[in-house]
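Chemist: Kindly return the folded structure for what I paste below:
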Amino acid sequence: MDATPPDLLRWRAASKQYADGTVAVQALDLDVRQGELVCLVGPSGCGKTTTMKMVNRLVQPTSGRVELDGRDVADGDVRDLRRHIGYVIQQVGLFPHQTVGDNVATVPRLLGWDRQRTRTRTAELLELVGLDPATYADRYPAQLSGGQRQRVGVARALAADPPVLLMDEPFSAIDPIARDRLQSEFLDVQAAVRKTIVFVTHDLDEAVRLGDRIAVFRQGGVLEQYDTPAAVLGSPATPFVADFVGADRGLRRLAVTGVDLQDLEQPVSLAPDTSLEQARAVLAAGFAVVLGPDGDLRGHVAAAHLEGSGTVADRVQAPPATVPATATLKAAMSAMLQRDEGWVAVVDPATSRYLGVLTPQSVHAALRRSTGSHEA
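Modeler: From the prediction side, this is the model:
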């Protein structure tokens with residue numbers, strides 16, 4: 001078993017109170033592990049953005065401290081600190097009169113990188129965020145869509161390979177379809193770079209989808225719960241958290257609960273060359289999956305379609321839907337609901353070998369079992 005990564009970022013009794021007496025953040029103790037993506041969520045004005053801005057000193061704590069890799073961020077030059085912390089905001093903030101390539105190269109230039117190293121890094125990052133450098137490097141921000149500009153913003157924030165990336169509601173201004181795609185692409189980028197990320201969002205579903213852990217704040221900058229998405233949804237620590245995550249938190253758990261092989265059902269299986277007479281003898285009702293000699297899924301047959309003579313191959317129908325064993329229960333249910341058969345086949349993601357099926361009943365049982373000590 002891998003050891004737990006060390007903490008890279010820490011708030012130690014950090015608080016922020018303004019001159020009028022308003023408390024934005026109360027004495028906060030919070031740790032973020034190396035390579036972890038932590039989402040800060042809560043209602044407007046709860047202190048989540050203030051908490052994040054303490055890291056790059058856009059906000060100075062009234063008391064306490066923020067440590068990055070064991071050192072107080074208040075020590076040293078603030079400009080040097082910010083050059084080593086990636087920052088992505090809602091409105092992106094690209095320089096409109098610079099090309100995409102020049103925007104991405106901003107921090108490397110400030111750090112004195114040579115031209116070839118900067119150009120190579122810019123091309124690598126544009127490819128990483130799904131923008132062909134040959135196509136996009138010489139374009140200007142006004143020539144891009146909102147989603148493309150957001151990708152450039154992420155690339156720019158990663159340019160100097162910072163240890164920490166701060167993201168302040170980066171996808172909230174994007175339309176829902178593009179936002180869903182950006183979230184998926186961002187997860188792919190994070191899987192590749194494994195940055196330590198503090199991600200502020202007002203959208204609980206976004207936090208559940210993206211976060212390794214979620215910090216839930218309430219008004220007055222009070223941290224109510226800090227745990228995995230499954231734990232926050234399954235076992236709210238306080239009445240405030242229970243109200244914030246909502247009565248449909250059980251449905252939201254579908255997005256953070258993976259398919260487990262022990263939850264799969266095993267219906268009757270038939271070979272393509274099985275005679276219909278033999279098939280009728282073993283399948284009186286329902287359906288059977290049709291498997292090739294190597295366990296590959298060829299399709300399915302319904303008991304009602306086995307009359308007459310011939311073989312199963314004559315009556316086989318394509319499987320209604322398949323999902324990899326790495327999918328979430330939400331993905332399985334989504335695939336299932338798009339078809340009429342009421343089940344989805346689960347396959348090995350590497351070999352596509354058939355493993356079993358999920359039905360609404362087995363998804364429900366899987367969700368209940370997965371809660372363990374967390375009530376759904």
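Chemist: Check the gap between residue 277 and residue 312 for me.
Modeler: 11 Å (CB to CB, to the nearest Å). All C-beta spots, glycine's among them, are computed from the backbone N, C-alpha and C.
Chemist: Same check on residue 106?
Modeler: With CB to CB as the criterion, residue 106 and residue 312 are 63 Å apart.
Chemist: Those two - which one has more neighbours?
Modeler: The residue with more neighbours, out of residue 106 and residue 312, is residue 312; 24 against 18, by other CB atoms under 10 Å.
Chemist: how about the more buried one, what does it touch?
Modeler: By CB atoms under 8 Å, 6 or more residues apart in numbering, residue 312 lies in contact with 270-276, 279, 288, 290, 301, 306.
Chemist: 6 Å instead?
Modeler: 270, 272, 274, 279, 290, 301 (CB atoms under 6 Å, 6 or more residues apart in numbering).
Chemist: Low-confidence bits of the stretch 1-150 of the chain, can you list those?
Modeler: 1-2, 91-92 (pLDDT under 70).
Chemist: mind listing the strands for it?
Modeler: 7-17, 23-33, 37-41, 63-68, 71-72, 85-89 (DSSP state E, counting those that start in this stretch).
Chemist: tell me the most buried of the ones you listed?
Modeler: Among these, strand 37-41 has the highest mean neighbour count (mean count of other CB atoms under 10 Å), at a mean of 24.
Chemist: Now do it: which elements does it pack against?
Modeler: On a contact count with 3 or more CB pairs under 6 Å, 6 or more residues apart in numbering; DSSP states H and E, strand 37-41 meets strand 196-200, helix 204-210, strand 213-218.
Chemist: Confidence-wise, which of these is weakest overall?
Modeler: Mean pLDDT across those is lowest at helix 204-210; the value there is a mean of 91.
Chemist: can you give me the offset of that helix from its chain's centre?
Modeler: 7 Å (CA atoms, centre = their mean, to the nearest Å).
Chemist: next one: stretch 150-162
Modeler: Distance, centroid of stretch 150-162 to centroid of chain: 18 Å (CA atoms, centre = their mean).
Chemist: Can you show me the CA trace of it as CSV?
Modeler: Coordinates of each C-alpha in stretch 150-162 appear next as CSV, following Å, rounded to 0.1, in the frame of the first residue of the first chain:
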residue,chain,number,x,y,z
GLN,A,150,-10.0,28.7,-20.0
ARG,A,151,-7.7,26.0,-21.3
VAL,A,152,-5.0,28.6,-22.1
GLY,A,153,-5.5,30.0,-18.5
VAL,A,154,-4.7,26.5,-17.1
ALA,A,155,-1.7,26.1,-19.4
ARG,A,156,-0.4,29.5,-18.3
ALA,A,157,-0.8,28.6,-14.7
LEU,A,158,1.2,25.4,-15.2
ALA,A,159,3.9,26.9,-17.3
ALA,A,160,6.7,27.2,-14.7
ASP,A,161,5.7,23.8,-13.1
PRO,A,162,4.5,25.4,-9.8
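Chemist: wait, which of the strands of the stretch 1-150 of the chain is closest to residue 129?
Modeler: The closest of these to residue 129 is strand 85-89. By CB to CB, the value is 11.2 Å.
Chemist: by contact count, what packs against that closest one?
Modeler: Against strand 85-89 (3+ CB pairs under 6 Å, 6+ apart) you get helix 146-158, strand 164-168.
Chemist: closest one to residue 181 among those?
Modeler: Of all these, helix 146-158 comes closest under CB to CB, at 7.1 Å.
Chemist: Now residue 86. Nearest residue, chain neighbours left out?
Modeler: residue 157 (3.2 Å; CB to CB, 6 or more residues apart in numbering).
Chemist: same deal with residue 25?
Modeler: residue 221 (3.5 Å).
Chemist: what sits against that neighbour?
Modeler: Here residue 221 is in contact with 23-26, 47 (CB under 6 Å, 6+ apart).
Chemist: Distance to residue 81 added to the residues you listed, as a markdown table?
Modeler: Listed next are these as a markdown table, based on distance: CB to CB, whole Å:
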| residue | distance to residue 81 |
| --- | --- |
| 23 | 25 |
| 24 | 21 |
| 25 | 19 |
| 26 | 24 |
| 47 | 21 |
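Chemist: Between the residues you listed, which sits nearest residue 111?
Modeler: residue 25 (31.0 Å).
Chemist: Okay, that closest one and residue 85: tell me how far apart.
Modeler: In terms of CB to CB, residue 25 sits 19 Å off from residue 85.
Chemist: which residues does the nearest residue to residue 50 once chain neighbours are set aside contact?
Modeler: Of all residues not flanking residue 50 in the chain, residue 24 sits nearest, at 4.5 Å (CB to CB, 6+ apart). Residue 24 makes contact with 16, 47, 50, 221 under the criterion CB under 6 Å, 6+ apart.
Chemist: Pretty sure the first one sits against residue 23.
Modeler: It refers to residue 16. No - between residue 16 and residue 23 there is no contact, the gap being 7.4 Å when judged by CB atoms under 6 Å.
Chemist: burial count for residue 252?
Modeler: Residue 252 - counted by other CB under 10 Å - has 21 other residues nearby.
Chemist: moving C-terminal of the strand or helix carrying it, what's the next helix or strand?
Modeler: Here residue 252 sits within helix 249-252, counting by DSSP states H and E. With elements assigned by DSSP H and E, the helix or strand that comes after helix 249-252 is strand 269-270.
Chemist: same for that following strand, what does it pack against?
Modeler: strand 287-291.
Chemist: 10 Å instead, please
Modeler: Packing partners of strand 269-270 (3 or more CB pairs under 10 Å, 6 or more residues apart in numbering; DSSP states H and E): helix 276-282, strand 287-291, strand 297-302.
Chemist: Comparing the helices and strands packed on strand 85-89, which yields the minimum mean pLDDT?
Modeler: helix 146-158 (a mean of 87).
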